[in-house]
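Chemist: have a look; sequence and predicted model below, questions after that.
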Protein chains: 2
Amino acid sequence: MKKILNDPKDCVDECFEGFILSNSRLVRRVGRGTVIARIDAPIKGKVGIVIGGGAGHEPLFLEYVGKGMADVEIHGRFFAAPSADLILDGIKAADGGEGVILLYNNYAGDRMNFDMAQDIARSQGKKLETILIHDDIASAPRGRESERRGTTSDLLIIKICGSAAEALSSFDEVIRITRKAIDNSRSLGVALSPCTIPETGKPTFYIEDDKIEFGMGLHGEAGIKKAELLPADEIATQIIGLLLEDMPLSSGDEVILLLNSYGSTTRMELYIVARKVHQLFAEKGINIYSTEVGEFCTTQEMAGCSITLLKLDDELKRYYDMQCESPFYKKL
Amino acid sequence: MKKILNDPKDCVDECFEGFILSNSRLVRRVGRGTVIARIDAPIKGKVGIVIGGGAGHEPLFLEYVGKGMADVEIHGRFFAAPSADLILDGIKAADGGEGVILLYNNYAGDRMNFDMAQDIARSQGKKLETILIHDDIASAPRGRESERRGTTSDLLIIKICGSAAEALSSFDEVIRITRKAIDNSRSLGVALSPCTIPETGKPTFYIEDDKIEFGMGLHGEAGIKKAELLPADEIATQIIGLLLEDMPLSSGDEVILLLNSYGSTTRMELYIVARKVHQLFAEKGINIYSTEVGEFCTTQEMAGCSITLLKLDDELKRYYDMQCESPFYKKL
């Protein structure tokens, strides 16, 4: 796979520099590492929201910082967690005196470094709480939800958490609302082709030309089943079936439907999948309050898509609906 | 290339249906064809803006309808113009009594069908004007600008035209402002890999593994030169050099910089290119007022990117800055 790069080992730093130069109205660099803060952070009297994770999944998490979203992002190395010292820089930049929430995907490497930074910051008297996103139903069975990986629900969780904080909810309230949004979210994806890593130029895994894999992780982690390349309607039906088995929904329930492309899957394909999900939910009497379609969490140029459902109540809807402005995602 | 489709010959209609179902708060279907209007169109007292073109380039043009953007879009067949009868439906849906502007890319097929519809609508007493977008400097030399193809400046032109109409500028004023925006725009792209057509599953053209092509069109039209796969900084430098040769800019000039991915090129790569363009323009004293990074005009999963420059003045800046809300593009 050909990519537009200079020295591949500089890809994360150069992307970060280009991002800062391109979005200087909304974000600023913190220190000398790959840490950004919204332009007006820290905001006195507001709970600070810190997000972050490995690079290579852009716009995640880099571009979800701004009003009604996160205060600070710590961008890691390629497919690898940010270091604890950068996370400490980030915590400081987000701290408006009402406590700071560390919100990120449940991966061992991220947990290790964020926990280390959290311990140090707490020892310095900071009020901190960690909230892990764990929406991927392929990565652990029911009953062990907290062991699951975080994947493509990220945008929705960051949106609701960030807007709850923006509304000046208390530290405990932002935590409660964010945990509810996570408990109400499920995702499952299907991969059609691998991605290549800039430094090696090599694919991360192999899929036969006539096969797809359900539940593959963002870094090529093994999925739950391989299948023939199915029609879009059948892929949508199978994913929705597995999601509803995991999180039953009834007639009258209301959800956000998010369709994510991992990279080279087009918006045309996502809308074809969206069509089938809308049809399935209309039959079941489940109301789709909002449909988000895009590349929210990518794995380089991997082909495939994921479906995220977030079950709403009036409170979650209120924070989802609030205005926000980040480089990638805006709501009027 | 594997894609998530049902019967490939239904891909345009199914995408369109999924799009309508996913965006029912902002747009509605017009008639029984692939025509959409913003939910509140036609708007009495406002100049109507009609856009459209072939499918397969989503979000273009489908997702640029809404407040401060276009009133109506007519979505064609795959890589092929919409029919005159659908365009007539669209003109009617956009007509708020102050005239309708047909704004689309300069391709022979589109011109033929839009002109036919325009002739019929004029014979029915409608006030109409056609404005062709022609930003691609690779497709005709200087002095023959009006023969050039329209490409990736579309988002910016539609934004400025739509916002000028939203501000209730007169018919003649919207035309003048839009033509100025087009005259002030230039684009050039580089392709790294071909795209595949859903119906055939075949690539549209061939590029050697170690080559790239400057100036390739959105449907595989031949470019202006082939080169070795160059580093990102060199690609940026060469594209900017050719753009500035075509539209000289001086220290103190102000531009919008738009970086478009044709499909599988990642945001990471676009930001690496953005970094170099910002450096080049800082050296020249050219001010980048805003940087837009994304997949605004795609060619399925083709790898490659294009750079668009739009030279600003106070008037163009005012309309670019106005609030807008379309399914794909929003501004607070």
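Modeler: Okay, I see it.

Chemist: how far away is the residue positioned nearest the centre of chain A from A:Gln300?
Modeler: With the centre of chain A defined as its mean C-alpha position, the nearest residue by Cα atoms, centre = their mean is A:Asp154, 2.4 Å away. Separation of A:Asp154 from A:Gln300 (Cβ to Cβ, to the nearest Å) stands at 17 Å. C-beta coordinates here come from the backbone N, C-alpha and C atoms, glycine included.

Chemist: could you do A:Thr266 as well?
Modeler: 16 Å.

Chemist: so for whichever strand or helix holds A:Thr308, what's the average pLDDT?
Modeler: Assessed by DSSP states H and E, A:Thr308 sits inside strand A:303-311. The average pLDDT within strand A:303-311 is 98.

Chemist: run through the neighbouring helices and strands of that strand.
Modeler: strand A:185-193, helix A:232-246, strand A:254-261, helix A:267-284 (3 or more Cβ pairs under 8 Å, 6 or more residues apart in numbering or on different chains; DSSP states H and E).

Chemist: among the ones you listed, which is nearest chain B?
Modeler: Nearest to chain B, of all the helices and strands packed on strand A:303-311, is helix A:267-284, at 3.3 Å by Cβ to the nearest Cβ.

Chemist: gap between that closest one and the chain center?
Modeler: Centroid separation for helix A:267-284 versus its chain: 22 Å, with Cα atoms, centre = their mean, to the nearest Å.

Chemist: ditto for stretch A:203-221
Modeler: The answer for stretch A:203-221 is 20 Å, by Cα atoms, centre = their mean.

Chemist: tell me the mean pLDDT for it?
Modeler: Mean predicted confidence for stretch A:203-221 is 91.

Chemist: got a list of contacts for it?
Modeler: With contact meaning Cβ atoms under 8 Å, 6 or more residues apart in numbering or on different chains, stretch A:203-221 is reached by A:1, A:57, A:79, A:136-139, A:149, A:151, A:188-197, A:222-230, A:235, A:238-239, A:242, A:262, A:297, A:299, A:304, B:2.

Chemist: narrow these to just the buried residues.
Modeler: Neighbour counting with 16 or more other Cβ atoms under 10 Å in any protein chain shown marks A:1, A:57, A:79, A:136-139, A:149, A:151, A:188-197, A:223, A:229-230, A:235, A:238-239, A:242, A:262, A:297, A:299, A:304, B:2 as buried within the contacts of stretch A:203-221.

Chemist: quick check, pLDDT for A:Leu5.
Modeler: If you check A:Leu5, the pLDDT there is 98.

Chemist: which residues does it contact?
Modeler: Neighbouring residues of A:Leu5 by Cβ under 8 Å, 6+ apart: A:Cys11, A:Pro198, B:Pro231, B:Ala232, B:Glu269, B:Ile272.

Chemist: returning to that earlier point: beyond the strand holding A:Thr308, next helix or strand please.
Modeler: Assigned by DSSP H and E, the successor of strand A:303-311 is helix A:314-321.

Chemist: okay, angle between that next one and strand A:303-311 too, please.
Modeler: 140 degrees (axes from the mean of the first three to the mean of the last three Cα atoms, to 10 degrees).

Chemist: does anything pack onto helix A:314-321? Which helices or strands?
Modeler: Counting by 3+ Cβ pairs under 8 Å, 6+ apart, helix A:314-321 packs on helix A:154-166, helix A:171-183.

Chemist: packed most tightly, which of those would that be?
Modeler: Of the helices and strands packed on helix A:314-321, the one with the most neighbours on average (mean count of other Cβ atoms under 10 Å in any protein chain shown) is helix A:154-166, at a mean of 27.

Chemist: what residues does the stretch 51-200 of chain A put near chain B?
Modeler: Residues of the stretch 51-200 of chain A lying near chain B by Cβ under 8 Å from any Cβ of the partner chain: A:Ala55, A:Gly56, A:Glu58, A:Pro59, A:Glu63, A:Val190, A:Leu192, A:Ser193, A:Pro198.

Chemist: surely the second one and B:Met268 touch.
Modeler: Right, the one you point to is A:Gly56. Yes - A:Gly56 lies in contact with B:Met268 (Cβ atoms under 8 Å); the separation is 6.8 Å.

Chemist: which neighbours do the two share?
Modeler: By Cβ under 8 Å, 6+ apart, the residues touching both A:Gly56 and B:Met268 are A:Val12, A:Pro198, A:Gln300.

Chemist: what about A:Thr266 and A:Gln300, which has more around it?
Modeler: A:Thr266 (30 against 26; other Cβ atoms under 10 Å in any protein chain shown).

Chemist: what about stretch A:178-195, how long is it end to end?
Modeler: 31 Å (Cα to Cα, to the nearest Å).

Chemist: roughly how far out does it sit from the chain middle?
Modeler: Put simply, stretch A:178-195 sits 8 Å off its chain's centre (Cα atoms, centre = their mean).

Chemist: excluding its backbone neighbours, what's nearest A:Ile158?
Modeler: Among residues not flanking A:Ile158 along the chain, A:Tyr64 sits closest, at 4.9 Å (Cβ to Cβ, 6 or more residues apart in numbering or on different chains).

Chemist: and for A:Ile288?
Modeler: A:Leu257 (5.0 Å).

Chemist: list the contacts for that neighbour?
Modeler: With Cβ under 8 Å, 6+ apart, A:Leu257 has these contacts: A:Ala274, A:Val277, A:His278, A:Phe281, A:Ile288, A:Ser290, A:Thr291, A:Glu292, A:Ile307, A:Thr308, A:Leu309, B:Ser22.

Chemist: need these in JSON lines (columns: distance to B:Tyr320 and neighbour count).
Modeler: What follows is the contacts of A:Leu257, written out as JSON lines (distance: Cβ to Cβ, whole Å; neighbours: other Cβ atoms under 10 Å in any protein chain shown):
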{"residue": "A:Ala274", "distance to B:Tyr320": "30", "neighbour count": "31"}
{"residue": "A:Val277", "distance to B:Tyr320": "35", "neighbour count": "26"}
{"residue": "A:His278", "distance to B:Tyr320": "34", "neighbour count": "21"}
{"residue": "A:Phe281", "distance to B:Tyr320": "38", "neighbour count": "21"}
{"residue": "A:Ile288", "distance to B:Tyr320": "33", "neighbour count": "18"}
{"residue": "A:Ser290", "distance to B:Tyr320": "27", "neighbour count": "19"}
{"residue": "A:Thr291", "distance to B:Tyr320": "28", "neighbour count": "23"}
{"residue": "A:Glu292", "distance to B:Tyr320": "25", "neighbour count": "19"}
{"residue": "A:Ile307", "distance to B:Tyr320": "35", "neighbour count": "24"}
{"residue": "A:Thr308", "distance to B:Tyr320": "33", "neighbour count": "28"}
{"residue": "A:Leu309", "distance to B:Tyr320": "36", "neighbour count": "29"}
{"residue": "B:Ser22", "distance to B:Tyr320": "27", "neighbour count": "24"}
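
Chemist: in JSON lines, list those residues along with distance to A:Gly97.
Modeler: Converted to JSON lines, the contacts of A:Leu257 look like this (distance: Cβ to Cβ, whole Å):
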{"residue": "A:Ala274", "distance to A:Gly97": "43"}
{"residue": "A:Val277", "distance to A:Gly97": "43"}
{"residue": "A:His278", "distance to A:Gly97": "45"}
{"residue": "A:Phe281", "distance to A:Gly97": "43"}
{"residue": "A:Ile288", "distance to A:Gly97": "39"}
{"residue": "A:Ser290", "distance to A:Gly97": "33"}
{"residue": "A:Thr291", "distance to A:Gly97": "38"}
{"residue": "A:Glu292", "distance to A:Gly97": "33"}
{"residue": "A:Ile307", "distance to A:Gly97": "39"}
{"residue": "A:Thr308", "distance to A:Gly97": "33"}
{"residue": "A:Leu309", "distance to A:Gly97": "36"}
{"residue": "B:Ser22", "distance to A:Gly97": "41"}
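
Chemist: so who does the residue nearest to A:Ile158 touch?
Modeler: Contacts here follow Cβ under 8 Å, 6+ apart; on that basis A:Tyr64 touches A:Ile51, A:Ala70, A:Glu73, A:Asp154, A:Leu155, A:Ile158, A:Lys159, A:Gly162, A:Ser326, A:Phe328, A:Tyr329.
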